[in-house]
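Colleague: next input, structure requested:
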Amino acid sequence: MNKEDTKKQPLYVILLLILAAEAVFILPFVLPRIFRTTFLESFSISQTEIGSCFSVYGIVALFSYLFGGPLADKFKPNLLMSFALILTGLGGLYLATYPNLINLHVLYGFWGFTTIFLFWAAMIKATRIWGGTNKQGIAFGFLDGGRGLVAALFGSIGVLIFSLFISKDIELTTITERRIAFKEVITYTSFAVITVGVIVFFFLKLNFDTHLKSDNHSELITIKNFKLVLKFKAVWLLMLIILCAYYGYKMTNLFSQYAEQVMHYDKIEAAKVGTYLLYMRPIIGVIIGLLADTTKASLWIIVGFFLMALTSLVFALGIVNDSAALLFVLSIGTMAIGVYSARVLYFATLEESKIPLAVTGTAVGFISVIGYTPDIFTGLINGYILDAYNPKTGHEIVFAIMFGFALVGLIASFKLYKHSETNID
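Modeller: As a prediction, this is how the structure comes out:
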């Protein structure tokens, strides 16, 4: 890639990437996060059972990362991403029929294919190309921060739709009434995702063709590409960093539930907690992205893990309860800064680590195979613990586990920082 190519990339491209990058995950993850207890009630499932659905998604995603990466080094991003969005949206329409638990597992497996095999590496590679050599921090800062804004907007509209179909105080409604309202939220979201897919197909057409044609490693799957990727020490460190950072991100799924079960908020107030946090992502993303481009992305990942470790310890010690509302707000806000800081920047280090653009898809796929395994086990672990203990004790245990992951991530990110200073692979 050269600077001339970078200058040709228009602003609307990153805006489309932002919209698509979050829209594809709204149905499998954002709605269950914001409407956690409503989701469980509507489908008549337990914490452990929804965790097992996420595990099915993660298992399918595991293979999808590996083989979807090289796919992104061969085909145009707009084709892969639009197809993924449309299929994901169609899956949402099926979700609105309230399938039984077995079929819900099948649906999450299907989403593991559509959102990862077809979408993930193509989106990361497109963002890296847009950022060029010197603006990787801001490129991925815009991407993840913008994704937060998109998720927040989807969440806010979802909460609004849900409240419009609730004609009385939420605590006085029956499960049947809440199911009807939530079905409207799912249906709206599904059509919105399909619409984004159509927009991406027609308008995400830019200068990717040049890069695809010039890559010497663009065969669909080659042992040569994998061998090249394995030589980079940064690839192995990033694997561990993403594993720990993504575990922290998955823990943000519990904030709405914590607000309801420990802080005793009502269901709509609890849903708003999850939505408000999403509005922090664009602010954090842009600020951290700008800082990373003036210093180093790996430095700010270290800061992110430090904040994650600090706040997860606060929750693990049981200090945050219904008599400490201000501490709850400050703690989840600080944890969000830490989680989003690490999440924004981990792929921005690809350029810092001198990993060739031509094998970006393969590198992202390989890193993601281990890095995103929390999709498999986080939901199961949290679900089992939260079902087995009372809400306060259960949350203390799961945040103690997060503290351990944050410490490991802190060590790995420090090693990546020192490694990138020497710049030797």
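Colleague: hey, let's count contacts and neighbours off CA atoms from now on
Modeller: OK.
Colleague: hmm, residue 34 and residue 254 touching each other?
Modeller: No. Counting by C-alpha atoms under 8 Å, residue 34 is not a contact partner of residue 254; they are 9.0 Å apart.
Colleague: the two: which is more packed in?
Modeller: residue 34 (30 against 18; other C-alpha atoms under 10 Å).
Colleague: so that one sits against residue 268, correct?
Modeller: No. In this structure, residue 34 is not within contact of residue 268 by C-alpha under 8 Å, at 9.4 Å.
Colleague: measure stretch 156-174 end to end?
Modeller: This stretch, stretch 156-174, spans 22 Å end to end (C-alpha to C-alpha, to the nearest Å).
Colleague: ok, stretch 317-336 next?
Modeller: Using C-alpha to C-alpha, one end of stretch 317-336 lies 18 Å from the other.
Colleague: in that stretch, what counts as buried?
Modeller: 320, 321, 322, 328, 331, 332, 333, 334, 335, 336 (16 or more other C-alpha atoms under 10 Å).
Colleague: my read: residue 105 touches residue 53, true?
Modeller: Yes. Between residue 105 and residue 53 there is a contact at 5.0 Å, judged by C-alpha under 8 Å.
Colleague: which one of these two is surrounded by more residues?
Modeller: Set residue 105 next to residue 53 and count neighbours by other C-alpha under 10 Å: residue 53 wins out with 24 against 20.
Colleague: name the SS class of the more buried one, please.
Modeller: Here residue 53 is recorded as helix under DSSP: H, G, I helix; E, B strand; the rest coil.
Colleague: so what's it scoring on pLDDT?
Modeller: Listed pLDDT for residue 53 reads 93.
Colleague: next: residue 46.
Modeller: 90.
Colleague: residue contacts, the residue lying closest to it once chain neighbours are set aside?
Modeller: In space, and not counting its chain neighbours, residue 46 is closest to residue 40: 6.3 Å by C-alpha to C-alpha, 6 or more residues apart in numbering. Neighbour list for residue 40: 46, 47, 50 [criterion: C-alpha atoms under 8 Å, 6 or more residues apart in numbering].
Colleague: neighbours of the second one, how many?
Modeller: If you count neighbours by other C-alpha under 10 Å, residue 47 ends up with 20.
Colleague: how much space separates it from residue 388?
Modeller: Per C-alpha to C-alpha, residue 47 is found 10 Å from residue 388.
Colleague: what residues are shared contacts of those two?
Modeller: In contact with both residue 47 and residue 388: no residue, using C-alpha under 8 Å, 6+ apart.
Colleague: could you check stretch 307-317 and say which residues are buried?
Modeller: Quick answer for stretch 307-317 (16+ other C-alpha under 10 Å): 307, 308, 309, 310, 311, 312, 313, 314, 315, 316.
Colleague: show the average pLDDT along it.
Modeller: Per-residue pLDDT values across stretch 307-317 average out to 94.
Colleague: now do the longest helix belonging to the chain: which elements does it pack against?
Modeller: For the chain, the longest helix by residue count, based on DSSP state H, is helix 391-422. Packed against helix 391-422 by the contact rule (3 or more C-alpha pairs under 8 Å, 6 or more residues apart in numbering; DSSP states H and E) you find helix 233-251, helix 255-261, helix 297-316, helix 374-388.
Colleague: of these, which approaches residue 187 most closely?
Modeller: Each of the helices and strands packed on helix 391-422 was scored for nearness to residue 187 using C-alpha to C-alpha, and the closest is helix 255-261 (21.9 Å).
Colleague: pull the distance from the very next helix or strand once past the closest one to the chain's centre.
Modeller: Next along the chain after helix 255-261, taking DSSP states H and E as the criterion, comes helix 267-294. Offset of helix 267-294 from its chain centre (C-alpha atoms, centre = their mean, to the nearest Å): 13 Å.
Colleague: which helix or strand contains residue 166?
Modeller: Residue 166 belongs to no helix or strand, assigned by DSSP H and E.
Colleague: ok, it - contacts?
Modeller: Residue 166 sits next to 173, 177, 178, 181 when contact means C-alpha under 8 Å, 6+ apart.
Colleague: list just the nearest of those to residue 115.
Modeller: Of all the contacts of residue 166, residue 115 sits closest to residue 181, with 26.1 Å by C-alpha to C-alpha.
Colleague: and the closest one, what element?
Modeller: Here residue 181 is assigned to helix 175-203, by DSSP H and E.
Colleague: what helices or strands is that helix leaning on?
Modeller: Helix 175-203 packs on helix 11-25, helix 36-43, helix 77-95, helix 136-164, going by 3+ C-alpha pairs under 8 Å, 6+ apart.
Colleague: can you report phi and psi for residue 135?
Modeller: The phi and psi values for residue 135, taken as degrees, to the nearest 10, are phi -130, psi 40.
Colleague: now for it, how many residues are close by?
Modeller: Residue 135, neighbours per other C-alpha under 10 Å, totals 21.
Colleague: begin at 52, not 1, for the rest of this chat.
Modeller: Yes, from this point I'll number from 52; that puts the last item at residue 186.
Colleague: so who does the closest residue to it other than its chain neighbours touch?
Modeller: In this structure, residue 186 finds its nearest non-sequential neighbour in residue 344, 6.2 Å apart by C-alpha to C-alpha, 6+ apart. By C-alpha under 8 Å, 6+ apart, the contact list for residue 344 reads 185, 186, 187, 188, 189.
Colleague: ok, the last one touching residue 340?
Modeller: This means residue 189. Yes. Counting by C-alpha under 8 Å, residue 340 is a contact partner of residue 189 at 4.2 Å.
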